[in-house]
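[1] Have a look at this prediction, sequence included:
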Amino acid sequence: FPAAAGILTVGGAFPDQGVNCTRGQACQIVVRGIDLNKDTHRLALRGEGQSCGSGDRMRKDVAGNPFAALSQESAGRITFTTSPIQVLETLYICYCVPYGGLCGSTELTDYKQLAGYLDVRGAAPDQSFLCGRGGYCILEVSGH
């Protein structure tokens, strides 16, 4: 005979969250989910060829990776702030809920949940342009 035994709550970040950021700026990432905790949960950024939960090393060209939460608005919303990011590409947000452990590794092993993406846009660095005085000038700026 079937009988209700209780309620199962699966905590963590919701998938498919998107964040836009400008190159050279600190990025604010608001993660939404269920049963979130700013004191123990962390996030890491990975590149295109890496997987959340894999043994791959985290991106080291993003200073401070992985990141601890800055603030918590509710059990369903916490905010992270990155250091200024210089790469021009789409990075992926891997989220760690430390059930039975800690979120402190330099590898993506503990960061199993793919929460979404961080799209870093802006102009590529070190571009130079030359224009003549008194004439029209066309600048073709490259970037992402």
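    Right, received. Where do you want to start? Residues are numbered from 1 along each chain as shown.
[2] tally of neighbours for the closest residue to Y92 other than its chain neighbours?
    Spatial nearest neighbour of Y92, chain neighbours left out: R46 (4.9 Å); criterion: C-beta to C-beta, 6 or more residues apart in numbering. The C-beta positions use only the backbone N, C-alpha and C, and glycine is treated the same way. Applying other C-beta atoms under 10 Å, we find 22 other residues in the vicinity of R46.
[3] Equivalent analysis for V31, please.
    24.
[4] hang on, the earlier thing: can I assume the residue nearest to Y92 is in contact with G55?
    No: counting by C-beta atoms under 8 Å, R46 does not reach G55; the two are 12.0 Å apart.
[5] quick one: common contacting residues for those two?
    Contact with both R46 and G55 is made by residues L108, according to C-beta atoms under 8 Å, 6 or more residues apart in numbering.
[6] so what's the residue nearest to Y92 up against?
    Counting by C-beta under 8 Å, 6+ apart, the residues that R46 touches are C52, D56, M58, R59, L91, Y92, C94, L108, Y111.
[7] and of those, the nearest to A26?
    Within the contacts of R46, proximity to A26 (C-beta to C-beta) peaks at L91, which comes in at 14.2 Å.
[8] on that earlier part again, now go through the contacts of R46 and say which are in strands.
    Members of the contacts of R46 lying in strands (criterion: DSSP state E): L91, Y92, C94.
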